[in-house]
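[1] Let's see this in three dimensions:
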Amino acid sequence: MANSETCVDSFEKLIGKFLSYGPEFIYRGVTNAEAYKLIPKIGRATIAQDWAGDASVEQWMLSQFRLRARPYLHDSLVPTNKWDLVALAQHHGLPTRLLDWTQNPLAATFFAVRNVSQPAFPLPACAVYVVDSGALPVVDTVEQDDPFELKQISRFVPEHLSPRIVAQQALFTCHPQPAVPYDTFEEKLVIAWKDRAGFRKTLHKLGIHEASLFPDLDGVARHLQWLLPNLYEVGIQSLIDTLPTTS
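    Residues are numbered from 1 along each chain as shown. Alright, predicted model coming up:
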């Protein structure tokens, strides 16, 4: 049943849910099941109070990103159209009208359980949203060359401009009214706070972690930082004695 909500209290149950969905389904992990709706970053309250629904503000930010990003991009990674530009900006944290999704449900689970530090009480559950992408129109970037002229929520598969996009099997939905929540999903899989750490350790065993999803030096450093208090539990303490020391 569409828009259903299911609590998953074991990793096995979560995998069973994922296996019940076909290849057309896409996934999005959120760290707070109650607070985080399906709203692009540019439309969220803390951003929207400055943005105020003015698309020209978003367009200005994109133009500034294009100008300032060029020295950091290899020639093969330079966006050649507006869609690739907004996708690249989105992946590096700029508020846009895109919403991140993945074709890999385990990657979505990682982003849901990623934060295991204790916030203020009550401790929030996290969630993985499941959406039937076949119900969404596909953006034709040739016929629809401007994201700001899109009339309905559509899905967009970017060029592989960033190693992160490839590693995360990323795609996006584009929202003409980014402040309006997207409320048509197949299922919302809710994971309790107490299960986050265990799920993340299981994902590590399956090769889903910071270094695999962010294949750069930042990802490697964050992964090693996470490993530090978990060395014994993830079973790699025995490898430490075999490693050469740095001089």
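[2] which SS class is Phe65?
    helix (DSSP: H, G, I helix; E, B strand; the rest coil).
[3] Ala87 is in contact with that one, correct?
    No. Between Phe65 and Ala87 there is no contact under C-beta atoms under 8 Å: 11.5 Å. C-beta: built from backbone N, CA, C; applies to glycine.
[4] if you count what's nearby, which of these two comes out ahead?
    Per other C-beta atoms under 10 Å, whichever of Phe65 and Ala87 has more neighbours is Ala87, with 27 against 19.
[5] For the protein, just list every one of the strands.
    4-7, 25-30, 98-102, 126-132, 154-156, 170-174, 187-191 (DSSP state E).
[6] any chance you could map the helices in this protein?
    Counting by DSSP state H, the chain has helices at residues 11-19, 45-51, 55-69, 82-91, 105-113, 163-167, 196-205, 210-213, 217-227, 237-240.
[7] now those helices in JSON lines, with mean pLDDT and distance to Val157?
    Output for those, formatted as JSON lines (pLDDT from 0 to 100; distance: least, C-beta to C-beta, whole Å):
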{"stretch": "helix 11-19", "mean pLDDT": "97", "distance to Val157": "20"}
{"stretch": "helix 45-51", "mean pLDDT": "64", "distance to Val157": "25"}
{"stretch": "helix 55-69", "mean pLDDT": "89", "distance to Val157": "19"}
{"stretch": "helix 82-91", "mean pLDDT": "89", "distance to Val157": "9"}
{"stretch": "helix 105-113", "mean pLDDT": "97", "distance to Val157": "15"}
{"stretch": "helix 163-167", "mean pLDDT": "83", "distance to Val157": "10"}
{"stretch": "helix 196-205", "mean pLDDT": "93", "distance to Val157": "24"}
{"stretch": "helix 210-213", "mean pLDDT": "93", "distance to Val157": "18"}
{"stretch": "helix 217-227", "mean pLDDT": "88", "distance to Val157": "22"}
{"stretch": "helix 237-240", "mean pLDDT": "55", "distance to Val157": "38"}
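[8] Out of the ones you listed, which gets nearest to Asp140?
    helix 82-91 (10.1 Å; C-beta to C-beta).
[9] Would you mind writing the CA trace of stretch 186-206 as CSV?
    Written as CSV, here are the backbone C-alpha positions of stretch 186-206 (Å, rounded to 0.1, in the frame of the first residue of the first chain):
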residue,chain,number,x,y,z
GLU,A,186,5.7,3.4,-1.7
GLU,A,187,7.0,2.8,1.8
LYS,A,188,8.9,4.4,4.7
LEU,A,189,11.1,1.9,6.5
VAL,A,190,11.8,3.2,10.0
ILE,A,191,14.8,2.2,12.0
ALA,A,192,14.9,2.8,15.7
TRP,A,193,17.8,4.8,17.3
LYS,A,194,19.0,1.8,19.2
ASP,A,195,19.6,-0.1,16.0
ARG,A,196,21.6,2.5,14.1
ALA,A,197,25.1,1.4,15.3
GLY,A,198,24.5,-2.2,14.6
PHE,A,199,23.1,-1.6,11.2
ARG,A,200,26.1,0.6,10.3
LYS,A,201,28.5,-2.2,11.4
THR,A,202,26.7,-4.7,9.3
LEU,A,203,26.9,-2.3,6.3
HIS,A,204,30.6,-2.1,6.9
LYS,A,205,30.9,-5.8,6.5
LEU,A,206,29.0,-5.5,3.2
